[in-house]
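> coords please:
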Amino acid sequence: MKNRTLFFSFVCCFLALPFTIKAQTKTAKEKLDAITADYWLREQKTGRAFDLTSPIFPDQLYLGTKEDFAKDFLYFTKLQDQLKKINRQQLPVASLTDFDLMSWLARLRLEATRFYDLTFPAITPYSSYSGAGTIFPRLALRTPTDLQQYQQLLHQFAKLLAANLDKLKYQDSKGIRLQKNETELAIGLMKSYHRTAATLPMYVGKERLVKFDTAQQKAFQLEVTKILEQEVIPAYDKIAQYLEGDYFKKTPANVGLSQYPEGKEYYRHLVRWHTTTDFTPDEIFNIGQQNVVKINHALDSLRRLTGFQGDRKAFLNFLQKDQRFLAATPDEVGNRLRGHLRRMEPVLSKLISIRTKRPYDVRRLSPALEPGMTFGYYSPPSESDSVGVYLYNGSKLDQRSLVSAASLAYHEILPGHHLQICLQKDNAALPPYRRNLQVNSFLEGWGDYASFLGEELGLYSDPYDYCGRLLMDMFISVRLVVDVGMNYKGWSREQAMEFMRQNVIESEEQIKTETLRYSCDIQGQALGYKMGSRRFQELRLKYAKLLGDKFDVIKFHDLILSGGCMPMAILEKWLDREFGVVRP
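Model (predicted):
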């Protein structure tokens, strides 16, 4: 009994002792990893981003309402605060790029929330091809749950179109309207969706429903048809009707963002976003002008080398209209592009060692999009289509010189977008948000740099192919001048068109669509091509000079392709660490 009493007394005394259980403190890396995981989950769940190589469907589509902008303001303000609480010096070297990336994203995305009034809905040719409507043909359908989610997304898409109309009305009340010629293109695009439901890109054919029995297929297709006919098509019609009404009478003839309140400030933001640099619009304008002069001198030398009898204007006209540079059929366009890619495949290992297993193809663009697009665009592989495809414009072939076909093929497919995007998406060493991150100056800059590599590989040995490469360089250099000119310096559209006529071989029709693209559709985006490409070349020269004989150009390219998209300043920091030229 005495022993029991002593034991009881000991336990009571022990329990009475003051002590605390110390909570486990997260490391800097664990905090950062949690932040990046939360960021990517939010991007997917709210429809702000899509991982089309993943079976996960978004819970909703991003509507871009004023409430959405307010939520973004709160989220990215909080994200900046969270990042400030992480000591960068305590992060492992492998996490530094993620910290820098999240800091950049938080800063620029927060900055973007200031410009709700000037953000037009995605109803114009270039903005729409990367919009939410493009995800439907690429979603994989495997389970009954997938079918239900697909239908819910279609309902959401109808709401998105209604939100686009509400945004147009809101901007209209503020005196902010699309430019007149751009409005005409938007009307044509909206009307192009007024057709049989089964011909719309959101419809699902039997070839995508092979995992379901006949009864399930028919029931699903009937429901999809119902949603398209009763919700989606009428929503497109309402936008077209609104644009054709009093709105059209009030649309401005002038182009560019500077005509709107705070338009110049918004454009400066777009320049920072699309180029990932601190260059001012005026500095970029000057870079463009200098490049145009330099390329014209190179073209003059090549003109003399070919023995062409005539001045520069006549030479450009020859490159634009001679039959050898024109395709007779849309299929011939695709065949010429494939031919150049076959020449690239066996020699690429001289400069790049890593490859993607994903196949590529070139196909014609949807005719509905062709009137508003100069060239086309690359569509990456998805769960429903494992092939990466360059979709080219196959219309008005008598106005589409293919003298730059080699340069275009290398930009879009190999070693350009297809190789870079597929390697990024398939790189399991990158966190999910980085496998899906798109940074314009890196993405498009690499595409143009890839075209430049064709010269190093001897693929422009034909003087006219080399002319095509110079003309592609001219085209993206001219963009620096006219994009800034129309959006920031008060240039008229005609002034920009005349500058293009003097320096590029694109047809009048193409020049019209391009000037609308730069000034009214995706302002600032076209700056990323040249600004990114020149930075890749500058970085290559930097490391070649610092490392001398130890510099390995294959390693340089493989590193760039393995790290995924990132802003140029962050890329340089990462390459500095990888090449050992600075401390982490």
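> What is the burial count for residue 221?
Residues near residue 221, counting by other CB atoms under 10 Å, number 17. Yep, even glycine has a C-beta here, placed from its N, CA and C like the rest.
> can you pull the contacts of it?
203-204, 209 (CB atoms under 8 Å, 6 or more residues apart in numbering).
> Which helix in the chain has the most residues?
For the chain, the longest helix by residue count, based on DSSP state H, is helix 144-173.
> Please spell out which residues along that helix are buried.
By 16 or more other CB atoms under 10 Å, the buried positions in helix 144-173 come out as 146-147, 149-150, 152-154, 156-158, 160-165, 167-168, 171-172.
> next one: it to chain centre, how far?
Remark: helix 144-173 is offset 22 Å from the chain centroid, using CA atoms, centre = their mean, to the nearest Å.
> what's the helix or strand just after that helix packed up against?
The element immediately downstream of helix 144-173 (helix or strand, assigned by DSSP states H and E) is helix 180-191. Helices and strands touching helix 180-191, as assessed by 3 or more CB pairs under 8 Å, 6 or more residues apart in numbering; DSSP states H and E, comprise helix 125-129, helix 233-244, helix 246-250, helix 508-516.
> what about the next helix-or-strand element following helix 180-191, average pLDDT?
Downstream of helix 180-191, the next assigned helix or strand under DSSP H and E is helix 214-227. Averaged over helix 214-227, pLDDT sits at 98.
> in helix 214-227, what counts as buried?
Those would be 217, 220-221, 224-225, 227, for helix 214-227 by 16+ other CB under 10 Å.
> Could I get those residues in TSV, plus columns for distance to residue 394?
Output for those, formatted as TSV (distance: CB to CB, whole Å):
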residue	distance to residue 394
217	32
220	32
221	29
224	28
225	29
227	31
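> Which single one of those is nearest to residue 452?
Comparing the buried residues of helix 214-227 against residue 452 with CB to CB places residue 224 closest, at 44.9 Å.
> which residue ranges form the strands in the protein?
For the chain, applying DSSP state E gives strands covering 360-364, 376-379, 388-392.
> For residue 324, find the nearest of the ones you listed.
Among the strands of the chain, strand 388-392 comes nearest to residue 324, with 18.6 Å by CB to CB.
> other SSEs contacting the closest one?
Checking 3+ CB pairs under 8 Å, 6+ apart, strand 388-392 ends up next to helix 330-344, strand 360-364, strand 376-379, helix 417-425.
> Can you name every helix or strand that the first one contacts?
In this case it means helix 330-344. For helix 330-344, the packing partners by 3+ CB pairs under 8 Å, 6+ apart come out as strand 360-364, strand 388-392, helix 405-412.
> which of these is buried the deepest?
Across these, averaging neighbours per residue (mean count of other CB atoms under 10 Å) puts helix 405-412 on top, at a mean of 27.
> In the stretch 251-400 of the chain, where is pLDDT below threshold?
In the prediction, the stretch 251-400 of the chain carries no residues with pLDDT under 70.
> Repeat that for the stretch 401-550 of the chain.
Within the stretch 401-550 of the chain, no stretch falls below the threshold (pLDDT under 70).
> show me where it has helices.
405-412, 417-425, 432-435, 440-456, 463-488, 493-503, 508-516, 527-547 (DSSP state H, counting those that start in this stretch).
> Check the offset of the second one from the chain's centre.
Computed by CA atoms, centre = their mean, the chain-centroid distance of helix 417-425 equals 13 Å.
> Could you tell me which residues within that helix count as buried?
For helix 417-425, the buried set under the neighbour-count rule, 16+ other CB under 10 Å, comprises 417-425.
> Need the helices of the stretch 401-550 of the chain in a markdown table (columns: distance to residue 117).
What follows is the helices of the stretch 401-550 of the chain, written out as a markdown table (distance: least, CB to CB, whole Å):
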| stretch | distance to residue 117 |
| --- | --- |
| helix 405-412 | 35 |
| helix 417-425 | 33 |
| helix 432-435 | 29 |
| helix 440-456 | 23 |
| helix 463-488 | 16 |
| helix 493-503 | 23 |
| helix 508-516 | 21 |
| helix 527-547 | 22 |
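> Tell me which of the ones you listed is the most buried.
Per stretch, and counting mean count of other CB under 10 Å, the top mean among the helices of the stretch 401-550 of the chain goes to helix 405-412, which has a mean of 27.
> returning to what we had before: quick check: which of the helices of the stretch 401-550 of the chain is nearest to residue 28?
Closest among the helices of the stretch 401-550 of the chain, once you apply CB to CB, is helix 432-435, at 18.1 Å.
> How far does the closest one sit from its chain's centre?
In terms of CA atoms, centre = their mean, the centre of helix 432-435 is set 15 Å apart from its chain centre.
> Stretch 352-371 too?
Remark: stretch 352-371 is offset 14 Å from the chain centroid, using CA atoms, centre = their mean.
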